[in-house]
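S.K.: need a structure here:
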Amino acid sequence: KTQTVLSRERKPNPILVGPAGGGKTAIVELLAREIVNDRVPNCLKGKVVFEVSISDMVAGTEFRGNFEERIKEFINEVMKYDNIILFFDEIHSLIGAGGTGRKGDLEASNILKPYLARGEISCIGATTDYEYNQSFKKNPALDRRFEKVSVLPLSSSQVLDIADHIVESFSKKSGVEYFPEFSKEAIKFCDVFLPNRNYPDKFVDIVDQCGAIAKLEDLNSVTRKTLKEAFVDKGGLLLKKDFKTGLSKELLKKGINCNKLLDFFKNISEDVFTKQDGDIPNSIFSFGSESDVKAVISVLESYFKSNGMPYVSVSAKSLVDKNSISGFSEDYLCSLAQKASILEGATFLIKDIDCIKKEAQSSLIQILEEGKVELPTGQDVRFGNSLFLFFSSKFKKESLGFQAANVLKSSDIDADLKKAINNEFFIEKV
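M.R.: From the prediction side, this is the model:
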């Protein structure tokens with residue numbers, strides 16, 4: 001479809017719209033390669049693709065007239081040739097670039113519109129669905145100069161069809177060999193440990209990372225051990241094999257013995273690469289005296305920070321929205337989801353869980369049961385590679401007790417705690 005739009009006489013301007021990492025830039029790179037290799041229709045032969053940086057074009061234009069002069073000189077230079085295709089990545093940044101913010105101002109998009117409409121210049125744009133809907137589509141005069149080309153991220157099976165070709169390409173460049181089942185195993189791990197990134201970007205990234213590790217270790221080949229190392233670098237606490245020993249030492253320094261918590265960490269990390277899917281996050285509910293809870297959270301935060309492990313520490317009190325029917329802030333839920341999408345494998349420390357209504361607690365339970373949250377952008381953020389630690393100080397016994405939610409029995413639960421916490425946190429064994 002991109003080639004078809006580029007072949008038009010008027011408005012030969014495709015705009016590639018899709019999620020980050022879904023292959024938009026790769027399509028443009030492939031087009032350029034196909035042109036160089038003379039494998040395109042006659043109307044596209046001899047074309048040259050130039051990537052244009054809006055930020056570079058704006059840089060140094062202190063006064064408004066400087067930018068207008070620069071972009072018009074640029075357009076005039078492009079129009080001297082009939083074989084140039086311009087590529088604007090993050091094309092939504094055109095809107096407002098070089099302008100003062102006043103309506104009708106001569107910023108980049110307004111200057112380009114007439115040239116785009118008459119087909120005097122040919123342009124490819126790329127942006128995400130969210131940016132397209134938020135800014136580009138709201139500028140109909142600019143939007144109608146382009147033809148939208150939706151770029152959907154590839155599925156696991158679609159990536160597997162092209163994976164060996166990608167691996168072969170990297171192998172030729174780096175001189176590093178990859179073990180025979182690399183593609184299949186790498187894709188399986190991508191599904192589990194990088195659920196919020198898109199194909200083909202995350203697979204390509206892992207192929208490249210494995211090659212880099214092999215070269216740094218002076219190896220001629222990528223092994224299964226190399227592949228696991230690549231994911232450990234990206235997968236957060238869930239993939240750290242040696243953190244239990246270090247964490248145990250830090251807790252004991254504070255005089256805290258949390259064997260159940262440490263056992264929980266040990267069980268989920270002992271053979272994490274056998275995990276079959278990344279749908280449901282691991283979670284544990286903890287309760288104890290206020291001083292013990294504060295001490296444990298302090299040790300965890302300090303340990304995660306010093307070891308470069310992604311974590312998010314929040315008080316459940318900040319999740320409250322008195323104007324919401326459920327009593328839970330949807331904005332804050334989206335904020336947690338956005339952090340999960342950025343910090344793959346993050347550990348979420350949710351303090352003061354007893355301080356919010358049971359109805360509000362249900363929204364957190366939904367994350368544990370469904371393993372995902374939908375953002376206003378329409379993106380599903382998955383928490384399957386995350387850990388959730390819930391903390392409560394409503395416990396009258398002196399020693400801190402940690403329990404996984406699915407092994408608690410009613411007899412283990414303090415009456416005040418049971419009154420404050422949603423029953424769905426406590427699932428009795430059959």
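S.K.: the chain: strands as residue ranges?
M.R.: Applying DSSP state E to the chain gives strands spanning 14-17, 48-51, 84-89, 122-127, 147-150, 177-178, 221-222, 282-287, 311-315, 347-351, 372-374, 380-382, 387-392, 401-403.
S.K.: so Asp201 makes contact with Gly22?
M.R.: Yes. With contact defined as C-beta atoms under 8 Å, Asp201 counts as touching Gly22 (7.2 Å). (Glycine included, C-beta is placed from N, CA and C.)
S.K.: what about the two, which has more around it?
M.R.: Gly22 (23 against 20; other C-beta atoms under 10 Å).
S.K.: and Val176, how far from Ile187?
M.R.: Distance, Val176 to Ile187, using C-beta to C-beta, to the nearest Å: 19 Å.
S.K.: repeat for Tyr332
M.R.: Distance from Tyr332 to Ile187, counting by C-beta to C-beta: 34 Å.
S.K.: reformat the strands of the chain as CSV; add mean pLDDT.
M.R.: Shown next, in CSV, are the strands of the chain (pLDDT from 0 to 100):
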stretch, mean pLDDT
strand 14-17, 96
strand 48-51, 96
strand 84-89, 96
strand 122-127, 95
strand 147-150, 95
strand 177-178, 96
strand 221-222, 96
strand 282-287, 72
strand 311-315, 88
strand 347-351, 87
strand 372-374, 83
strand 380-382, 85
strand 387-392, 82
strand 401-403, 43
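S.K.: out of these, nearest to Lys339?
M.R.: Proximity to Lys339, assessed across the strands of the chain by C-beta to C-beta, is greatest for strand 311-315 (5.1 Å).
S.K.: what's the burial count for Leu368?
M.R.: Counted with other C-beta under 10 Å, Leu368 comes out at 17.
S.K.: tell me the bridge partners for the closest residue to it other than its chain neighbours.
M.R.: Closest residue in space to Leu368, ignoring its immediate chain neighbours: Ser283 at 5.3 Å, by C-beta to C-beta, 6 or more residues apart in numbering. Ser283 forms beta bridges with Phe388, as assigned by DSSP bridges.
S.K.: equivalent analysis for Leu154, please.
M.R.: Tyr199.
S.K.: my guess is it meets Ala26, correct?
M.R.: No. In this structure, Leu154 is not within contact of Ala26 by C-beta under 8 Å, at 10.2 Å.
S.K.: for Phe197, give me phi and psi.
M.R.: For residue 197 the amino acid is Arg, not Phe. phi -110, psi 160 (degrees, to the nearest 10).
S.K.: ok, the residue nearest to it when sequence neighbours are not counted to Ala346 distance?
M.R.: Excluding its sequence neighbours, the residue lying closest to Arg197 (C-beta to C-beta, 6+ apart) is Gly21, at 5.5 Å. Gly21 sits 18 Å away from Ala346, going by C-beta to C-beta.
S.K.: tell me which of the two has more neighbours.
M.R.: Neighbour comparison, Gly21 and Ala346: the larger count goes to Ala346, with 24 against 21 (by other C-beta under 10 Å).
S.K.: distance of the residue nearest to Arg197 from Cys210?
M.R.: Distance, Gly21 to Cys210, by C-beta to C-beta: 18 Å.
S.K.: quick one: mean pLDDT over stretch 265-274.
M.R.: Across stretch 265-274, the average pLDDT comes to 62.
S.K.: you'd agree the residue nearest to Leu368 is up against Phe383?
M.R.: No. Using C-beta under 8 Å as the test, Ser283 is too far from Phe383 to be in contact (9.5 Å).
S.K.: please say which of those two ends up with more neighbours.
M.R.: Using other C-beta under 10 Å as the criterion, Ser283 and Phe383 rank with Phe383 on top: 27 against 22.
S.K.: so the more buried one sits right up against Glu369, yeah?
M.R.: No. Using C-beta under 8 Å as the test, Phe383 is too far from Glu369 to be in contact (10.7 Å).
S.K.: report the central residue of the chain.
M.R.: Nearest to the mean C-alpha position of the chain, counting by C-alpha atoms, centre = their mean, stands Ser341 at 4.0 Å.
S.K.: residues contacting that residue?
M.R.: The neighbours of Ser341, taking C-beta atoms under 8 Å, 6 or more residues apart in numbering as the test, are 196, 375, 379, 381.
S.K.: 7 Å - rerun?
M.R.: 196, 381 (C-beta atoms under 7 Å, 6 or more residues apart in numbering).
S.K.: one more: Gly378?
M.R.: Asp129.
S.K.: follow-up on the earlier one: dump the strands of the chain into TSV; add distance to Ile206 as well.
M.R.: Shown next, in TSV, are the strands of the chain (distance: least, C-beta to C-beta, whole Å):
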stretch	distance to Ile206
strand 14-17	24
strand 48-51	25
strand 84-89	23
strand 122-127	23
strand 147-150	26
strand 177-178	11
strand 221-222	10
strand 282-287	23
strand 311-315	23
strand 347-351	22
strand 372-374	22
strand 380-382	18
strand 387-392	22
strand 401-403	34
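S.K.: of those, which is nearest Lys228?
M.R.: When those are ranked by proximity to Lys228, the top entry is strand 221-222, at 10.9 Å, counting by C-beta to C-beta.
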